[in-house]
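S.K.: sequence and predicted structure below; questions after.
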Amino acid sequence: MRLATLVDSLFVLLALASLGGTASAAPPKTLLLLAQGPDNHPAGTHEYLAGLEQLAKLLEPTAGLKVRVVTADEPWSEGPALLGEADGVVMFLSEGARWTQADPRRQEALARLAARGGGLVALHWALGTKAAEPIEPFLKLLGGCHGGPDRKYQVVETELRIADPGHPITAGLTNFRARDEFYYQLKFVEPRGQIRPILQATIDGRSETVAWSWERPDGGRSFGFTGLHFHDNWKQAAYRKLIFQATLWTLKLPGG
């Protein structure tokens, strides 16, 4: 019996070798970068597709990661199937909190992605909703939301302070200045202590969280950043490093 067991084990190893793999090799993770076309903002702002194409280039060399830029304009009928095969998403699109719930199949697919521990990232208006109704469901995905008739936003030039120097997302980052349209006085998931501020800025004389991370109860990770209104901010090394490291962190990949 021992000899038979040994022969069986050798057969399995040889079969794996012939397929070019090993028992411990993991398939690459799939990341969807979800963009949309112009949303009536001036040129140079809300450049969703151009911004995510830059992010795709940054992520391209990452081992164990397959990146796909997807245009998610309505009705985005293929969306639920794509989300069902993904390990994470970066959303950079218009009024994202409302968009996530515009199609019940899309909302369910995102909920299933979160439930299996998928990574979720939302940038700028992808964190938003004009109406109040989408806020609570969105908080369960991203932990924070710029929403409702009382939402606040302002173009300011300010120092962005590293709120959590020990977090993997902020590795190698120091305080830096930027001019951007930041959302602030955000709504956050309760209990609020689950949210870890990443960047803070002084707006209207108050310290406001403009980027955060959240280790969700389902075991997954979420990140939100309210900046990137202006496409030129992708030229800032600190911005690129922030979004790059945050995306990898949500996917639980090295470098994040």
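M.R.: Sure thing, it's come through. Numbering: from 1, shown residues only.
S.K.: what about Ala102, distance to Ala109?
M.R.: When CB to CB, to the nearest Å is the yardstick, Ala102 and Ala109 sit 12 Å from each other. The C-beta positions use only the backbone N, C-alpha and C, and glycine is treated the same way.
S.K.: going by neighbour count, which residues of the helix or strand containing Phe182 are buried?
M.R.: Using DSSP states H and E, Phe182 falls within strand 176-184. Buried residues in strand 176-184, counting neighbours by 16 or more other CB atoms under 10 Å, are found at 176, 178, 180-184.
S.K.: who's in contact with whichever helix or strand comes after that strand?
M.R.: For strand 176-184, the following helix or strand on the C-terminal side (DSSP H and E) is strand 187-188. For strand 187-188, the external contacting residues (CB atoms under 8 Å, 6 or more residues apart in numbering) are 135, 139, 143-148, 195, 212.
S.K.: ok, now with 10 Å
M.R.: The set of residues external to strand 187-188 that reach it, using CB atoms under 10 Å, 6 or more residues apart in numbering, is 97, 127, 129, 132, 135-136, 138-139, 142-148, 150-151, 194-195, 197, 209, 212, 214, 224.
S.K.: thinking again about what came up before, parallel or antiparallel, list what pairs with the strand holding Phe182.
M.R.: Here strand 176-184 is paired, per DSSP bridges, with strand 152-162 (antiparallel).
S.K.: give me the mean pLDDT for the partner strand.
M.R.: Averaging pLDDT along strand 152-162 gives 97.
S.K.: buried residues in it, which are they?
M.R.: By 16+ other CB under 10 Å, the buried positions in strand 152-162 come out as 153, 158, 160-162.
S.K.: ok now that strand, how far from the chain's centre?
M.R.: Offset of strand 152-162 from its chain centre (CA atoms, centre = their mean, to the nearest Å): 20 Å.
S.K.: same question, stretch 153-168
M.R.: With CA atoms, centre = their mean as the basis, the distance from the averaged C-alpha position of stretch 153-168 to the chain average is 17 Å.
S.K.: ok, now stretch 119-133?
M.R.: Computed by CA atoms, centre = their mean, the separation of stretch 119-133 from the middle of its chain amounts to 11 Å.
S.K.: buried ones in it?
M.R.: Neighbour-count burial for stretch 119-133 [16+ other CB under 10 Å]: 119-129.
S.K.: in TSV, list those along with secondary structure, pLDDT and distance to Pro80.
M.R.: Listed next are the buried residues of stretch 119-133 as TSV, based on DSSP: H, G, I helix; E, B strand; the rest coil; pLDDT from 0 to 100; distance: CB to CB, whole Å:
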residue	secondary structure	pLDDT	distance to Pro80
Gly119	strand	98	18
Leu120	strand	98	16
Val121	strand	98	19
Ala122	strand	98	18
Leu123	strand	98	22
His124	helix	98	24
Trp125	helix	98	22
Ala126	helix	98	18
Leu127	helix	98	21
Gly128	strand	97	22
Thr129	strand	98	20
